[in-house]
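J.: sequence first, then the predicted structure:
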Amino acid sequence: MSDTADDANNNLMLKFQKLQSETNEIQSIFSKQSSFDATSLSGNKMLKDICESMRNQQKEQNKFNEELLKTNKDLKDQNTELKNQSEQVLKEIRSIKSDLEESKKQHSLEMQSMKKLMSVPDSVDSSLFPDTSVKNNTSASVTGKEFVFKHVFENAPENGSNQIHSEKEEHFNIPWYDSGKVRKPMLISGEYDFNDTEFDWKIMEDEYGKGGKLQVELRVKITKTTGLYGKPLRNFDERNKSFSDVVILLIAQSAYFKSLLSEISPNAEVELSDIDPEDFQVYLEALYGEPAINEKTVEVVLYMPEKYDTHAVTKKCEEFLIDESRKKKKKKLQLAIKYKLEKLKKHCFDNINTAAL
């Protein structure tokens, strides 16, 4: 009985050990499987992180590439703009260079013209003209409200019956020009009321024509003008209570009037011959300090002080021509030479030399 029980216990113990061994083996297998699963999960997370990082880097790279493309486009646009600006600057430089060359050429011509004026008071080379002053018993000098108009018509005989014109010149605020037409054997002058308006072409050709050119000289004396200066700035007739002040001013400023008025009684009247009343009105206004000197009046006011010896008015005219007048330099130099205005003459040449640099 007891042997049978022992055998049974032994069998049970063997079965328990076998079961325990199988249980341990199952636990070992489960433990290995769990370890593998954990490792696999950890590897997947790392791979996922790497992929995410690569995606972020790709995004940054794409963003950088876009910015780089934009920068390149901006640089290309800037280069195009700079190129256009450079071309425009070069174009302007060429234009300025052309203008400077033209200006230099023009100033050279003006300088030559002014040099002629310095040597010959009346704008055209006197060697082209015959000496008519003795023949006509006229003085060669030009004084008062007078001027000499000279012009050389090129190829006058070839113009046939066509009208020929000179360039306009301003004298005493009036534009002047000469015109005529050749009709062999006569030359017909126009635009002026001369006693003789037709001249024998043979005489004209022999005495005034050289090398196919026709040289014309007109000596003009203006005896009267009206309505050129506008409304008077001051009344100087005897009704003006300050009339006596004007007389005193004339005596103080003019040696001519001082000598003239000192020889007559206080109530005597003085008649000034060979003078335009409107010219004398403007002269008195300038002498009295009124703003009478302007582009229209300056030449008239200039010849009056020369006639009546009032240097203060001459100085005012010279200052106006230097500081304010817009007359051409050639005209200014003509006035400077005619009325001996040395400051104005220097101003004309200084301006040409400065502009030509």
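T.: In hand now; what should we look at?
J.: domain map for this structure?
T.: Structural domains annotated on the chain: 126-221, 243-356, as defined by automatic domain parsing.
J.: can you flag the weakest of those domains by average pLDDT?
T.: Lowest mean pLDDT of the domains of the chain: domain 126-221, a mean of 58.
J.: check which element follows the helix or strand hosting Ser53 along the chain.
T.: In this assignment (DSSP states H and E), Ser53 forms part of helix 2-119. If you walk from helix 2-119 toward the C-terminus, the next helix or strand you reach (DSSP H and E) is strand 146-154.
J.: packing partners for that following strand?
T.: With contacts defined as 3 or more CB pairs under 8 Å, 6 or more residues apart in numbering; DSSP states H and E, the secondary structure elements packing on strand 146-154 are strand 169-171, strand 213-221. Heads up, the C-betas are built off the backbone N, CA and C, glycines and all.
J.: which one of those strands lies nearest to Arg326?
T.: Within the helices and strands packed on strand 146-154, the stretch nearest Arg326 is strand 169-171; the backing value is 11.8 Å (CB to CB).
J.: for the helix or strand just after the closest one, packing partners?
T.: Scanning forward in sequence from strand 169-171, with DSSP H and E defining helices and strands, the next element found is strand 174-176. Applying 3+ CB pairs under 8 Å, 6+ apart, one finds that strand 174-176 contacts strand 169-171.
J.: Lys231: how many residues sit nearby?
T.: Applying the criterion other CB atoms under 10 Å, we find 4 residues in the vicinity of Lys231.
J.: kindly apply the preceding question to Ser259 instead.
T.: Neighbour tally, Ser259, other CB under 10 Å: 11.
J.: same thing with Met304?
T.: Other residues within reach of Met304 by the criterion other CB under 10 Å amount to 25.
J.: again with the one 3 residues further on
T.: The criterion is other CB under 10 Å. On that basis, Lys307 has 18 neighbouring residues.
J.: now do the host helix or strand of it against strand 146-154, angle only.
T.: When secondary structure is defined by DSSP H and E, Lys307 falls within helix 298-308. Inter-element angle recorded for helix 298-308 and strand 146-154: 130 degrees (by axes from the mean of the first three to the mean of the last three CA atoms, to 10 degrees).
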